[in-house]
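>>> Return a 3D structure for these sequence lines:
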Amino acid sequence: MPNSSGRPSRPVAGRSRRPFSSNTASGDSARRSSSAHRSTPRTGGYSRPNSSSSSSSSFSRGGYAGGRSFGGRSSFGGGSRGGSSRGRGRVMSTFDVSKFINLNPAKPVTEAPYQAKHTFNDFGLDKDLALAIATMGLVTPSPIQDQVIPYILQGHDVVGLAQTGTGKTAAFLIPVIHKTLHERSRQTLILTPTRELAIQIEQELRRLTPRMNLYATVCVGGMNIRPQISGLRRKNHFIIGTPGRVQDLIDRGHIKPGGITTVIFDEADRMLDMGFIHDMREILKDIPDERETLFFSATMSKSVEGLVNDFLRDPITVSVRKTDITNSITQDVVRYEHHNKFDTLVNLLKTEEFTRVIVFGAMKHSVEKLSLELVHAGIKADAIHGNKSHVQRQRALKNFKDGRVQVLVATDVAARGIHVDDVSHVINYDLPGTYEDYVHRIGRTGRSDKSGKALTFVPAH
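Numbering: from 1, shown residues only. This next block holds a predicted model:
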């Protein structure tokens, strides 16, 4: 029977699954289209304001570097190679610099704190799952969990929108785990834009399913595919991966799309930004129409809306995102002279309050160079970007989480996979190419009930 998109139903084919094993984290970033790379902004690509437009939006503020007023509207990603914004979200060609500044973010909030309608005990979850949740110290669901879990338990297709750090991963894992415990023939495919995010989802799945005999494989690009193929020969309740590698394994016959009952897209907008649209459509076309489909993201682009219309059946949209940027993040600018931009960064990082910092750069090579220069300047730093191997990226991320390095220098591709507690500051050393990139960068701080600061480097004149 055709669904709302008009596609005919496909027969359910055989399934392939595997248990958790030491090989589940073998993988790296998936393949990306060349168009995604072409839109990466150049290092230091912030254009100076056009004098003809400065009167329309002048803004004077102190900023961390003291400095001068920085007026006018300016290119948000003016240094993008090729000038193409295709698939990259809202390129802010007239971005007001004042949007980088919100020194008192909590002040406008007058509404009462969110009052959850449920506790986790109210959802009627499997007793083993309920015990695991209680052991993790979780009692009251976050807003997205509180509103989304009942709909997923009822079998609805869902679009969930919430800021990063609000518990989206548990919001989709908990109800799907419950269903799988009661129907072990189910198979869930979870697609993510980066290998780091895929691995973190698998780690969360482990925490929620101790001794429950649920099995999973992580299938991500950039690593030897053989261990993943080996794992897929055994049964899996969950396959977690990046679109390029998952499509490759489908093409090779190691993942049987006909056996998938649930598809979850996490950070769907970022997957589109990274050029995975073809793989996403190819993956979905051979999965039975009777599947349940869940979309989760912090933002909703027009491209994602198109996928929702094509592939979800009467979805319920739950948005707990009141603004693009959570009120727990203080935003400010750092004004620098071109000859001392690096020195300005070093002086900031040597300040006592900068305890755990993510610094975002525009290009892979410039991120690597910046991290080495910081180490030379006496700052404990490491880098994470697409040219690093999977092992190197995981080591850098672990060193940052464990406090062995103070600063992690990263590209936008890595932004979606960095979920680290207690990040005190995010620094936009190079400007992001789109507003969505800016939102996701600074969302690495101020997570859950914590506060954080986001600083953006802009020229002093």
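>>> Kindly report the domain assignment for the chain.
43-107+324-459, 120-319 (automatic domain parsing).
>>> Tell me the span between the first and last residue of the shortest one.
When the termini of domain 120-319 are compared using C-alpha to C-alpha, to the nearest Å, they are 20 Å apart.
>>> Residue 373 and residue 343 touch, don't they?
No - look at residue 373 against residue 343 with C-beta atoms under 8 Å: they stay out of range, at 10.6 Å. For every residue, glycine as well, the C-beta is placed using N, CA and C.
>>> In terms of packing, which of these two has more residues around it?
With neighbours defined as other C-beta atoms under 10 Å, residue 373 and residue 343 compare such that residue 373 has more, 15 against 12.
>>> Which of the domains of the chain comes out lowest on mean pLDDT?
Mean pLDDT per stretch puts domain 43-107+324-459 lowest among the domains of the chain, at a mean of 72.
>>> circling back to that earlier point, let me have the domains of the chain in JSON lines, extended by distance to residue 114.
Formatted as JSON lines, the domains of the chain follow (distance: least, C-beta to C-beta, whole Å):
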{"stretch": "domain 43-107+324-459", "distance to residue 114": "11"}
{"stretch": "domain 120-319", "distance to residue 114": "5"}
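>>> Run through the strands of the stretch 51-200 of the chain in chain order.
Taking DSSP state E, counting those that start in this stretch as the criterion, the stretch 51-200 of the chain contains strands spanning 73-74, 95-96, 158-161, 188-191.
>>> now swap in the stretch 351-461 of the chain and tell me
For the stretch 351-461 of the chain, applying DSSP E, counting those that start in this stretch gives strands covering 357-360, 381-384, 407-410, 425-428, 452-459.
>>> what would the ones you listed look like in CSV with distance to residue 294 and mean neighbour count?
Written out in CSV, the entries for the strands of the stretch 351-461 of the chain read as follows (distance: least, C-beta to C-beta, whole Å; neighbours: other C-beta atoms under 10 Å):
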stretch, distance to residue 294, mean neighbour count
strand 357-360, 28, 26
strand 381-384, 28, 26
strand 407-410, 27, 26
strand 425-428, 28, 25
strand 452-459, 28, 24
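>>> so which of these gets nearest residue 255?
The minimum distance between residue 255 and the strands of the stretch 351-461 of the chain falls on strand 381-384, with 27.7 Å, by C-beta to C-beta.
>>> Does anything pack onto the closest one? Which helices or strands?
Taking 3 or more C-beta pairs under 8 Å, 6 or more residues apart in numbering; DSSP states H and E as the contact definition, the neighbouring helices and strands of strand 381-384 are helix 364-376, helix 390-401, strand 407-410.
>>> Doesn't residue 294 belong to a helix?
No - membership of residue 294 in a helix is not supported by DSSP: H, G, I helix; E, B strand; the rest coil, which gives strand.
>>> by contact count, what packs against the host helix or strand of residue 317?
Taking DSSP states H and E as the definition, one finds residue 317 inside strand 316-319. Contacts of strand 316-319 with other secondary structure elements, assessed using 3+ C-beta pairs under 8 Å, 6+ apart, are made with helix 143-153, strand 158-161.
>>> Now tabulate these in TSV and tack on distance to residue 204 and mean neighbour count.
Supplementary listing: the helices and strands packed on strand 316-319 in TSV, determined by distance: least, C-beta to C-beta, whole Å; neighbours: other C-beta under 10 Å:
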stretch	distance to residue 204	mean neighbour count
helix 143-153	13	23
strand 158-161	16	24
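>>> Need these in JSON lines (columns: distance to residue 237).
Compiled in JSON lines, those are given as follows (distance: least, C-beta to C-beta, whole Å):
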{"stretch": "helix 143-153", "distance to residue 237": "16"}
{"stretch": "strand 158-161", "distance to residue 237": "20"}
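>>> roughly how far out does the strand holding residue 317 sit from the chain middle?
A distance of 19 Å separates the centroid of the chain from that of strand 316-319, by C-alpha atoms, centre = their mean, to the nearest Å.
>>> In that strand, which residues are buried?
316, 318 (16 or more other C-beta atoms under 10 Å).
>>> what does stretch 305-316 give?
Buried residues in stretch 305-316, counting neighbours by 16+ other C-beta under 10 Å, are found at 307, 308, 311, 312, 315, 316.
>>> what does stretch 235-251 give?
Taking 16+ other C-beta under 10 Å as the neighbour-count basis, stretch 235-251 is seen to contain the buried residues 236-250.
>>> Cross those against strands and list the overlap.
When the buried residues of stretch 235-251 are checked against strands (DSSP state E), the matches are 238, 239, 240, 241.
>>> list the contacts for the closest residue to the last one other than its chain neighbours?
In space, residue 241 comes closest to residue 219 once its chain neighbours are excluded; the distance is 3.5 Å by C-beta to C-beta, 6 or more residues apart in numbering. Listed by C-beta atoms under 8 Å, 6 or more residues apart in numbering, the contact partners of residue 219 are 27, 198, 228, 232, 239, 240, 241, 242, 245, 246, 249, 255.
>>> Relative to residue 138, which of the strands of the stretch 351-461 of the chain is closest?
Here strand 452-459 is closest among the strands of the stretch 351-461 of the chain (C-beta to C-beta), at 22.1 Å.
>>> Counting by contacts, list what the closest one packs against.
In this structure, strand 452-459 makes packing contacts with strand 329-336, helix 341-349, strand 425-428, helix 435-442, judged by 3+ C-beta pairs under 8 Å, 6+ apart.
>>> Nearest to residue 260, out of those?
If you check each of these against residue 260 by C-beta to C-beta, helix 435-442 wins as the nearest, at 27.6 Å.
>>> Please identify the buried residues of the closest one?
Of the residues in helix 435-442, 435, 436, 437, 438, 439, 440, 441, 442 count as buried by neighbour count, 16+ other C-beta under 10 Å.
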